[in-house]
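*Asks:* this one's structure only:
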C-alpha cells in the first residue's frame, strides 16, 4: 500500500474498495464520482461493479489534484472515464451522480498552503458551516462531495476514526443527519492501513435528501468478517449524543459490564468529564 504524507493520501485496499463500490452502486444506470482518486482503486472497483451489473460504458467521474497521479490512471482508463485534474474544493458545479465513493485526504488545514486552507473554509461557508482551523481536509471533502449527489443518492467514504469524537466534526454530524435518511459507521478492528498510524472507519450514507436522528454503528473483527456479514456488535447511536460530547462510539465498544460500571460511577459523580 502506498502512502503520501504530504498530500494526506492513504491508499485503500482493493477488498475494501470493492465492498464500498458494491454497496453504493446498485443499478446499471447509476453514475459515480470519486473526488480524490489517487491510485484509482475505487475507480477500478466501480468499473468492475458496473461490468457485473451489465454496463460496460458507465458514467464514472474522477477528480485528482496531483498531475502525475492523474495522468498515470487517466492514460489507461476505460473510454467512459471522465477525469478532471484539479482541487476538488474548486469544483463548484453540481453534477447529480447516484453515488460518491472514495477516501478523502487526511491532512490538517493548518498544514495546507494559505490559499488552499482558505478555499476549504470558504467552501464550508457556502454550506453555512464554520470550519475550525484545527480541522482536517476530509471534513469539507465529505460535505462538498455529498452535495454532488442526486436525490436518494449514496456516499461511501473511508474516514479516520476521529470523526466519532473530535469537536470540529460535530457540524458534519448535524449535516449528515439533516441530509441523509440512513447513516452507518463501520469499525473493523483489523487495521485498514497497517503501515501507518491511522485508525479508520467506513461511513455509509444513504437516501440523500432525507433525514435521520440516529447512526447505525457496526463493529467487525476483521475485513473477512465484514465481507461475510459476521457482525461482532451492533448499536444505534443518537446524533445528539455525538454532538453533546458523550463519545457514544467509544462507549459502545466497551463490554456491557464496563459500560454499567462507568454509568454507575457517573451517577455517583465519582468520575466527571475533563
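*Replies:* That came in fine, so what should we check first? For clarity, every value in this text was computed on a predicted model and none was experimentally measured.

*Asks:* can we go C-alpha only for contacts and neighbour counts from here?
*Replies:* Noted.

*Asks:* Nearest residue to residue 265 in space, please, no chain neighbours.
*Replies:* residue 271 (5.9 Å; C-alpha to C-alpha, 6 or more residues apart in numbering).

*Asks:* so how far is residue 82 from the nearest residue to residue 147 once chain neighbours are set aside?
*Replies:* In this structure, residue 147 finds its nearest non-sequential neighbour in residue 94, 6.9 Å apart by C-alpha to C-alpha, 6+ apart. Distance of residue 94 to residue 82, given as C-alpha to C-alpha, to the nearest Å: 15 Å.

*Asks:* likewise residue 208?
*Replies:* For residue 208 relative to residue 82 (C-alpha to C-alpha), the value is 23 Å.

*Asks:* So for these two, which residue has more residues nearby?
*Replies:* Per other C-alpha atoms under 10 Å, whichever of residue 208 and residue 82 has more neighbours is residue 208, with 23 against 14.

*Asks:* Can you read off the pLDDT for the more buried one?
*Replies:* With respect to pLDDT, residue 208 scores 98.

*Asks:* Was I right to think it contacts residue 153?
*Replies:* Yes: using C-alpha atoms under 8 Å, residue 208 is in contact with residue 153, at 5.0 Å.

*Asks:* shaky segments in the stretch 151-274 of the chain?
*Replies:* With pLDDT under 70 as the threshold, the stretch 151-274 of the chain has low-confidence stretches at 193-197.

*Asks:* Within the helices and strands, which one has residue 157?
*Replies:* Using DSSP states H and E, residue 157 sits in strand 149-160.

*Asks:* For burial, what's the neighbour tally of the closest residue in space to residue 133 that isn't next to it in sequence?
*Replies:* Closest residue to residue 133 apart from its sequence neighbours, by C-alpha to C-alpha, 6+ apart: residue 109 at 6.0 Å. Residues contacting residue 109 under the criterion other C-alpha under 10 Å number 21.

*Asks:* Contacts only, for residue 109.
*Replies:* With contact taken as C-alpha atoms under 8 Å, 6 or more residues apart in numbering, residue 109 is in contact with 117, 133-137.

*Asks:* Sort out which of the residues you listed are in helices and list them.
*Replies:* Mapping those onto helices (DSSP state H) picks out residue 117.
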